[in-house]
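Undergrad: sequence below, structure please.
(2 chains)
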Amino acid sequence: SQQGEEDPQALSIQEGENATMNCSYKTSINNLQWYRQNSGRGLVHLILIRSNEREKHSGRLRVTLDTSKKSSSLLITASRAADTASYFCATDNPDSWGKLQFGAGTQVVVTP
Amino acid sequence: DTGVSQNPRHKITKRGQNVTFRCDPISEHNRLYWYRQTLGQGPEFLTYFQNEAQLEKSRLLSDRFSAERPKGSFSTLEIQRTEQGDSAMYLCASSLGETGLSYEQYFGPGTRLTVT
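TA: Below you'll find the predicted structure:
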């Protein structure tokens, strides 16, 4: 079974707009990671946020983590057509360090 | 290119045949993972190795599946007596790893298996 659930399932925005997607999970975690997957390509790691961190930035990406609500959000600012992809959250749990449990993903389409 | 590589990229086989996939991780990574991904879903964990030791196997990994990582370098995933339900993208990833810590995983391009 999958640990994380992304919301929304799909998101369509125009270039320059911000995109926000959320991830909820069920059990305690060591860390939560966000990955991007372009059509027909492999997964690319975006950000890892540890359970004792609340916010992390990387370029145009901002990730928050609320362990009390068991949720995380990924914000992409000033989106570009190249950001069109599926975005997955994945959790790493205390009972199995390193084994990632992925959600079903959010499909993001950025139109010029 | 020093990323994770997988071979073959595509495999079409008939039901009942055996198939073997290979993964070459990033050389300094001691952990190697196998996942399976079907259309519209996120990857599902299958198994992982720390060096040459297989530390965990998912319940998804029936006894028709076997994985090895001899000498702690490349890994192979074999599926015996393939079934149509085995059709999926098989992803390999590698990472650094130590007891009590985990790191980001780097994924290969995957092997797409089609069982006819």
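Undergrad: wait, A:Leu65 sits on A:Asn52?
TA: No. With contact defined as Cβ atoms under 8 Å, A:Leu65 does not count as touching A:Asn52 (9.3 Å). C-beta here means a position set from N, CA and C on the backbone, and glycine is covered the same way.
Undergrad: what about the two, which has more around it?
TA: Taking neighbours as other Cβ atoms under 10 Å in any protein chain shown, A:Leu65 and A:Asn52 compare with A:Leu65 leading, 21 against 9.
Undergrad: check contacts around residue 96.
TA: As the question left the chain open, I've gone with chain A. By Cβ atoms under 8 Å, 6 or more residues apart in numbering or on different chains, the contact list for A:Ser96 reads B:Glu56.
Undergrad: could you do chain B instead?
TA: Residues in contact with B:Leu96 (Cβ under 8 Å, 6+ apart) are B:28-31, B:103.
Undergrad: ranking these by neighbours, who comes first?
TA: That'd be B:Arg31 among the contacts of B:Leu96, by other Cβ under 10 Å, with 23 neighbours.
Undergrad: could you report the neighbour count for B:Ser102?
TA: Number of residues near B:Ser102 (other Cβ under 10 Å) recorded here: 22.
Undergrad: ok so, going back, of the contacts of B:Leu96, closest to B:Gly85?
TA: Distance to B:Gly85 across the contacts of B:Leu96 (Cβ to Cβ) is lowest for B:Arg31, with 27.8 Å.
Undergrad: name the nearest residue to the closest one, ignoring sequence neighbours.
TA: Excluding the flanking residues, the one nearest B:Arg31 by Cβ to Cβ, 6 or more residues apart in numbering or on different chains is B:Gly97, at 3.8 Å.
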